[in-house]
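Participant: I'd like to go over a predicted model; first the sequence, then the structure.
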Protein chains: 2
Amino acid sequence: MPPEGKKPGYHHGDLRNALLAAGEAELAQSGLAGFSLRKVAARAGVSHSAPAHHFGDLAGLIDALAVRGFDQLLAKMQAREATAPDDAGERLVASGLGYLEFAAAHPAVFRLVFGTPMRANSSADLRAGAARAYDHLAALVASLPGAPGADDPALRAEVMGYWAQAHGFAELLLSGHICGDAGARIDDQARETLFREAFSRRRSGAATR
Amino acid sequence: MPPEGKKPGYHHGDLRNALLAAGEAELAQSGLAGFSLRKVAARAGVSHSAPAHHFGDLAGLIDALAVRGFDQLLAKMQAREATAPDDAGERLVASGLGYLEFAAAHPAVFRLVFGTPMRANSSADLRAGAARAYDHLAALVASLPGAPGADDPALRAEVMGYWAQAHGFAELLLSGHICGDAGARIDDQARETLFREAFSRRRSGAATR
DNA sequence: ATAACATCTGGACAGCGTCAACATAAACTA
DNA sequence: TAGTTTATGTTGACGCTGTCCAGATGTTAT
């Protein structure tokens, strides 16, 4: 059995990771529209059906890219949180801004991550990635003053509300439905102001509950 | 020149509308994944390249379906509003529930509508459809007590906040990320409760501002 | 009647995902 | 060490896809 994709020594050495990197490069350059297994293989310098041995089929590659995308999304949220002042509310807002930042920086990956519905047939890896992201957000929300406790079922509703708020902004941004007065693309500053207001709106609603 | 797709009299009579109907049927039955121009043509009983004369290419058909999708979405919102009590806040919540209802009932159409980014190269019809939906929501939000006036630039931020909240729920629902405790698909009742709470949360936040 | 036009068909082409047969390199076994 | 099994990658084929092009057919205008 191979050392599970670490050091070289095989035909290619680490084709699995090379294909994932090629896939991300392809997504970044050409978007999700013309995404093709053959192009990814060509970019990695292997034959058109080499990926099959590592991912089974196209859905398998997409699934693996979605797993990585979830982790990258979570990382961006955490990176942005690290720059926030030491306040639960500020950290939550920063996390949401990281969410938007990732969606704007990697639109194709973002759409790919949420394009494949999480169903029972989704890979365990993908479900684990989604769970990691959810758990992180849930911990953030639970740390808000006056928030439901970690084992309170009301926490789930609370978390989904914040998630939906951030996710909706991200999707509408990518769909081009959030724009300035003249219909031009919104800039980063305006995007942040808009989002910050919406999030604190929710927060003050929770406080007066 | 033909009477622009009304009464029969041509080879097929009203192929454009027939193709749109076939497209929607195809989306409803097989989803967005294997959607194909040739299948739509076959379903309408014409040759594989007949659609080109009405929509140019695949993107043209998708664009036209998105225009109809926007109108259907708006219609669902309005239908749901009509069942609400005569109160601005209740109408807004009902509108959002209509939004979710449409997404759940026609997931493929919903994803198609928001999958094609609104850009400068989008058809005028599509932008007009989006504007109709936005204007309707904006009127609803403006009618809330204490809301910014119709010409106040702050109204735009307010509207986008509500839209993002509803849209995020819809997308997360379709992505399978909103589920019950056991991970099972959430039922209609629970979905409504969740959404109603999130929306009124935003409302009370606005009131205490 | 004749011309111009809109509409639809059928064939061709390259690119796609997937499959099966084969080749090669590594790892295991005896 | 020698032989076998497994993992990895290549090649060629298949049917399906979107798009283009040449032609056929029906409608409208002159």
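Facilitator: Sure thing, it's come through.
Participant: residue contacts, A:V67?
Facilitator: When contacts are counted by Cβ atoms under 8 Å, 6 or more residues apart in numbering or on different chains, A:V67 is found next to A:123, A:125-126, A:129. From N, CA and C alone the C-beta is placed, and that goes for glycine too.
Participant: is it true that A:H177 touches B:T116?
Facilitator: No - judged on Cβ atoms under 8 Å, A:H177 makes no contact with B:T116 at a distance of 11.3 Å.
Participant: okay, A:H54: pLDDT?
Facilitator: Listed pLDDT for A:H54 reads 96.
Participant: In TSV: the contacts of A:V67, plus neighbour count, pLDDT and distance to chain B.
Facilitator: Formatted as TSV, the contacts of A:V67 follow (neighbours: other Cβ atoms under 10 Å in any protein chain shown; pLDDT from 0 to 100; distance: Cβ to the nearest Cβ, whole Å):
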residue	neighbour count	pLDDT	distance to chain B
A:S123	15	81	13
A:D125	14	91	15
A:L126	20	93	10
A:G129	23	95	12
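Participant: if I pick the spatially most central residue of chain A, what's in contact with it?
Facilitator: Centroid check for chain A by Cα atoms, centre = their mean gives A:L73 as the closest residue, at 3.6 Å. Applying Cβ under 8 Å, 6+ apart to A:L73 gives the contacts A:99, A:102, A:110, A:113, A:133.
Participant: Next, count neighbours for the third one.
Facilitator: Spelled out, that is A:F110. A:F110 has 25 neighbours, counted by other Cβ atoms under 10 Å in any protein chain shown.
Participant: that older thread, wait, does the helix or strand encompassing the residue nearest to the centre of chain A contact DNA strand C?
Facilitator: Here A:L73 sits within helix A:58-82, counting by DSSP states H and E. Yes - using Cβ under 7 Å from any atom of the strand, helix A:58-82 comes into contact with DNA strand C via A:58-59.
Participant: For the residue in chain A positioned nearest to chain B, give me the pLDDT.
Facilitator: As assessed by Cβ to the nearest Cβ, chain B sits closest to A:G168 within chain A, at 2.8 Å. At A:G168, the model reports a pLDDT of 98.
Participant: Isn't it up against B:M160?
Facilitator: No - the criterion here is Cβ under 8 Å, and A:G168 misses it with B:M160 at 9.0 Å.
Participant: how about the nearest residue to A:R127 once chain neighbours are set aside, secondary structure?
Facilitator: Nearest non-adjacent residue to A:R127, counting by Cβ to Cβ, 6 or more residues apart in numbering or on different chains: A:M118, 6.6 Å away. Secondary structure state of A:M118, per DSSP: H, G, I helix; E, B strand; the rest coil, is coil.
Participant: still on that earlier bit, and the helix holding A:L73, how far out from the chain's middle?
Facilitator: Helix A:58-82 sits 5 Å away from the centroid of its parent chain (Cα atoms, centre = their mean, to the nearest Å).
Participant: I'd like the next helix or strand past that helix.
Facilitator: That would be, after helix A:58-82 and using DSSP H and E, helix A:88-105.
Participant: if you look at that following helix, does any of it touch chain B?
Facilitator: No - Helix A:88-105 stays clear of chain B (Cβ under 8 Å from any Cβ of the partner chain), getting no nearer than 10.4 Å.
Participant: Now that helix - C-alpha only, PDB.
Facilitator: The C-alpha trace of helix A:88-105 is given here as PDB (Å, rounded to 0.1, in the frame of the first residue of the first chain):
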ATOM      1  CA  ALA A  88     -17.800  37.800  21.200                       C
ATOM      2  CA  GLY A  89     -19.900  40.000  19.000                       C
ATOM      3  CA  GLU A  90     -17.000  41.400  17.100                       C
ATOM      4  CA  ARG A  91     -15.600  38.000  16.600                       C
ATOM      5  CA  LEU A  92     -18.900  36.800  15.100                       C
ATOM      6  CA  VAL A  93     -19.000  39.700  12.700                       C
ATOM      7  CA  ALA A  94     -15.400  39.100  11.700                       C
ATOM      8  CA  SER A  95     -16.200  35.500  11.100                       C
ATOM      9  CA  GLY A  96     -19.000  36.500   8.800                       C
ATOM     10  CA  LEU A  97     -16.800  38.900   7.000                       C
ATOM     11  CA  GLY A  98     -14.300  36.100   6.500                       C
ATOM     12  CA  TYR A  99     -17.100  34.100   5.000                       C
ATOM     13  CA  LEU A 100     -17.900  36.900   2.500                       C
ATOM     14  CA  GLU A 101     -14.200  37.300   1.800                       C
ATOM     15  CA  PHE A 102     -13.800  33.700   0.800                       C
ATOM     16  CA  ALA A 103     -16.900  33.700  -1.400                       C
ATOM     17  CA  ALA A 104     -15.600  36.800  -3.200                       C
ATOM     18  CA  ALA A 105     -12.100  35.500  -3.500                       C
END
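Participant: which other residues reach it?
Facilitator: Here helix A:88-105 has contacts from A:72-73, A:76-81, A:83-84, A:110, A:136-137, A:140-141, A:143-145, A:162, A:165-167, A:169-171, A:173-174, A:191-192, A:195-196, A:199-200, A:203, using Cβ under 8 Å, 6+ apart.
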